[in-house]
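A.B. asks: Need the 3D shape of this:
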Amino acid sequence: MRQVIDPEWAWDVIVGERAALSSRLHGLTAAQWDHPTLCAGWRVRDVAAHVIAAPQLTWGELARLLPQVWRGYNGLTLWDGRHRGSAPVADILAQWERWAPVRRGPAVVTHRENLIDILVHTQDILRPLGIDYEPPAAAAAVAARACEAVAGLLGARRAVRDVRMVASDTDFDRGAGPLVEGPVVELLMLRAGRPAAWERLRGPGVGQLVRSR
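C.D. replies: Numbers count the residues shown, from 1 in each chain. The predicted structure is shown next:
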């Protein structure tokens, strides 16, 4: 059964997490803005610009991307992220100040995908910079469960299908198979197709996931 997520609650979390990421982006150095992220081929500036593009992508804005659909979904997303990321840092930060409080995302998706997006992309940006940030555990648990509906798109079918994940910091127990236990943010990262901080996880399923990557 698909998880029911209250839209108002979700947008409260999304806007709050945008604000948390914005405050950290404002403190980055020029070198950090060009640092690679957990997304292959994406710099910090690209992911930051991509995330804050979400509330700007109305149907009209999406129509302007139609000439690039030949690139495929991932290619189009990368092209658009790099294009937006080529803007001056001051312009990207101005977009964050203008758009972070706006309670909407791209016209083609719902609050569910926007919740996953902000929580995971925050980690994509901050972890390679050595900046620790723990999202609200309850929100991360909701997002981790929501990843089940898009596991194929995220390249995370094995993480969702082949192990049982149990959070050590909130109520989250999903899947079947060898146990993987640890902070829910690490389970979210795995379910979103990202690497986890493996040292924070325990259980016989951890080695299985490491070998499958």
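A.B. asks: For the helix ranked longest in the chain, buried residues please.
C.D. replies: Longest helix in the chain, counting residues (DSSP state H): helix 7-25. Neighbour-count burial for helix 7-25, counted by 16 or more other Cβ atoms under 10 Å, picks out 10-11, 13-18, 20-22, 24-25. Where C-beta positions appear, they are placed from N, C-alpha and C, glycine not excepted.
A.B. asks: mind giving me CSV with those and columns for pLDDT?
C.D. replies: Shown next, in CSV, are the buried residues of helix 7-25 (pLDDT from 0 to 100):
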residue, pLDDT
10, 97
11, 98
13, 98
14, 98
15, 98
16, 98
17, 98
18, 98
20, 98
21, 98
22, 98
24, 98
25, 98
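A.B. asks: Next, format these as CSV and append distance to residue 189.
C.D. replies: Below are those laid out as CSV (distance: Cβ to Cβ, whole Å):
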residue, distance to residue 189
10, 19
11, 23
13, 17
14, 18
15, 22
16, 20
17, 15
18, 19
20, 17
21, 16
22, 21
24, 18
25, 20
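A.B. asks: Ignoring the adjacent residues along the chain, who's closest to the residue positioned nearest the centre of the chain?
C.D. replies: In the chain, the residue lying closest to the centroid (Cα atoms, centre = their mean) is residue 120, at 2.3 Å. Excluding the flanking residues, the one nearest residue 120 by Cβ to Cβ, 6 or more residues apart in numbering is residue 192, at 4.5 Å.
A.B. asks: same deal with residue 86?
C.D. replies: In space, and not counting its chain neighbours, residue 86 is closest to residue 45: 7.9 Å by Cβ to Cβ, 6+ apart.
A.B. asks: Residue 38 versus that neighbour, what's the distance?
C.D. replies: Separation of residue 45 from residue 38 (Cβ to Cβ, to the nearest Å) stands at 15 Å.
A.B. asks: ditto for residue 122
C.D. replies: Taking Cβ to Cβ, one finds residue 122 at 11 Å from residue 38.
A.B. asks: neighbour-wise, which of those two wins?
C.D. replies: residue 122 (22 against 19; other Cβ atoms under 10 Å).
A.B. asks: Contact partners for the residue nearest to that one when sequence neighbours are not counted?
C.D. replies: Nearest residue to residue 122, sequence neighbours excluded (Cβ to Cβ, 6+ apart): residue 21, at 4.9 Å. The neighbourhood of residue 21, defined by Cβ atoms under 8 Å, 6 or more residues apart in numbering, consists of 48, 51, 118, 121, 122, 125, 126.
A.B. asks: can you pull the pLDDT of the residue nearest to residue 86?
C.D. replies: Looking at residue 45, its pLDDT is 97.
A.B. asks: That one: what's it in contact with?
C.D. replies: By Cβ under 8 Å, 6+ apart, the contact list for residue 45 reads 33, 34, 85, 86, 89, 92.
A.B. asks: ok, residue 123 touching residue 183?
C.D. replies: No: applying Cβ atoms under 8 Å as the test, residue 123 and residue 183 come out as separate, 11.6 Å apart.
A.B. asks: who's more crowded, those two?
C.D. replies: residue 123 (26 against 19).
A.B. asks: Look up how far residue 207 lies from that one.
C.D. replies: Separation of residue 123 from residue 207 (Cβ to Cβ): 22 Å.
A.B. asks: Strands along the protein, start to end?
C.D. replies: With strands called from DSSP state E, the chain shows them at 164-167, 173-175, 179-182.
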